[in-house]
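Student: the sequence isn't on hand, but the structure is:
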């Protein structure tokens, strides 16, 4: 039937392999593939030289020519393959039976460059990459998923060099990563989506799904090139890593509380004015060699990228030093006024001076919520019907008269509302860095 053709020209049909061979053998032809999904979106693939051989050669897809279009070069892998049906299979793995169709299926023991409906071990081949073994899954999020990385017991070390990440490592029966070169070839072959599954030690499960995903080649250091729209309940933890997030200079510290801390704010001599407008707090200000704040936009991107902790260092004018440590810290985006969204468990000896400010939106003298606390307290902060801490308030020399109001650089749980500290430093680090202390 595939040789002779079937169907009705007024409905669905295929003209037949014999006719198709005769057509493309007569003179040079191009091929146009039109696709439309159930949402009405349409795309196409065009090849400028299309030839299939005769029946004697299994109607081999001999030539495709140059690709253009927006649907992806999905036919390229099939170039050179013979046509297969359920009763005449040239793929060696009964791909026509597995796929319940007919096509120019491959000759390796994997039928396509993507996973089949069933889970298990398959050989995958995509344009630009050698065939490789891969594990497919149909239990977590439906059919057709190829597992690119899996971790569940720590048996495989993921602290590897460049070559190992390029080529892949681990064991498909255990923990593994398929390799950046394979991942690039897969995501470059056609449009892909990404599914991230997470499970904590209490058995709770969450996921993040992205409707587009592509990484670049090694020439561009396997850059995270495309990340589509997010859905799920785990949070958009990959967005910060997409190409296009602006890099920024930062100062790190390993002297106060161990390794891995990034300083988000530092004050020690009053040389930088912290009574700033919304735009300045959003973008950051000061000098990394002196006093500074890295900016709310950067701080949001950092804390949204993965779980972070917060460390607040205080020093008074008598040389006494105290700290407050929070094992979780997240601020929201500008849409929600950089709200203090998450503040984990407190430890330290300075007092829990930030707890009162949870759910407070950041305020400045030109952007505030109903009451202009930023004006009253001469700073910018997560004011929340007042304050218990005000580390971006006015720099003053220790104790100050109540006639000045509550405007000092204060942390009330240690030296009260009318004491402005000599030195403060706020720092964040990924929670995973705790393992290295």
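Tutor: Structure received. Given the structure is predicted, the values throughout are model-derived calculations rather than measurements. Residues are numbered from 1 along each chain as shown.

Student: where does the chain dip in pLDDT?
Tutor: 91-94, 98-99, 106-119, 125, 127-129, 243-246, 369-371, 402-405, 433-437 (pLDDT under 70).

Student: name the SS class of residue 77, please.
Tutor: helix (DSSP: H, G, I helix; E, B strand; the rest coil).

Student: wait, it sits on residue 124?
Tutor: No - Residue 77 lies out of contact with residue 124 (CB atoms under 8 Å); the separation is 10.1 Å. (Glycine included, C-beta is placed from N, CA and C.)

Student: who's more crowded, the two?
Tutor: residue 124 (25 against 20; other CB atoms under 10 Å).

Student: which residues does the nearest residue to that one once chain neighbours are set aside bridge with?
Tutor: What sits nearest to residue 124 in space, not counting adjacent residues and going by CB to CB, 6 or more residues apart in numbering, is residue 134, at 4.5 Å. Beta-bridge partners recorded for residue 134 (DSSP bridges): residue 122.

Student: likewise for residue 342?
Tutor: residue 330.

Student: give me the neighbour count for the nearest residue to residue 422 once chain neighbours are set aside.
Tutor: Nearest non-adjacent residue to residue 422, counting by CB to CB, 6+ apart: residue 317, 4.7 Å away. Per other CB under 10 Å, the neighbour tally for residue 317 reads 14.

Student: how about the residue lying closest to residue 16 once chain neighbours are set aside, what does it touch?
Tutor: Using CB to CB, 6+ apart and skipping residues adjacent in sequence, the residue nearest residue 16 is residue 5, 2.8 Å away. For residue 5, the contacting residues are 13-19, by CB atoms under 8 Å, 6 or more residues apart in numbering.

Student: what sits against residue 20?
Tutor: Counting by CB under 8 Å, 6+ apart, residue 20 has contacts 52, 59.

Student: so what's the backbone phi/psi at it?
Tutor: Dihedral angles of residue 20 (phi, psi; degrees, to the nearest 10) stand at phi -60, psi -40.

Student: now do the helices in the stretch 151-300 of the chain.
Tutor: With DSSP state H, counting those that start in this stretch, the ranges of helices along the stretch 151-300 of the chain come out as 162-167, 180-189, 278-283, 296-305.

Student: for the first one, buried residues please.
Tutor: Buried residues in helix 162-167, defined by neighbour count with 16 or more other CB atoms under 10 Å: 164-166.

Student: contacts for stretch 349-359 next, please.
Tutor: 310, 312, 314, 322-324, 326, 339-343, 346, 381-384, 386-389, 411-414.

Student: in strands, which of those appear?
Tutor: If you go by DSSP state E, those have 310, 312, 314, 322-324, 326, 340-343, 346, 389, 411 in strands.

Student: and of these, the nearest to residue 275?
Tutor: Looking at the ones in strands among the contacts of stretch 349-359 and their distance to residue 275, the nearest is residue 389, at 16.5 Å (CB to CB).

Student: domain map for this protein?
Tutor: For the chain, the domain assignment from automatic domain parsing gives the residue ranges 6-99, 120-241, 251-436.

Student: starting at the chain centroid, how far to the shortest one?
Tutor: By that I understand domain 6-99. 36 Å (CA atoms, centre = their mean, to the nearest Å).

Student: could you do the last one as well?
Tutor: Once both centres are worked out by CA atoms, centre = their mean, domain 251-436 turns out to sit 27 Å from its chain's centre.

Student: quick one: the nearest residue to residue 179 once chain neighbours are set aside and residue 222, what's the gap?
Tutor: Nearest residue to residue 179, sequence neighbours excluded (CB to CB, 6+ apart): residue 168, at 2.8 Å. Here residue 168 is placed at a distance of 12 Å from residue 222 (CB to CB, to the nearest Å).
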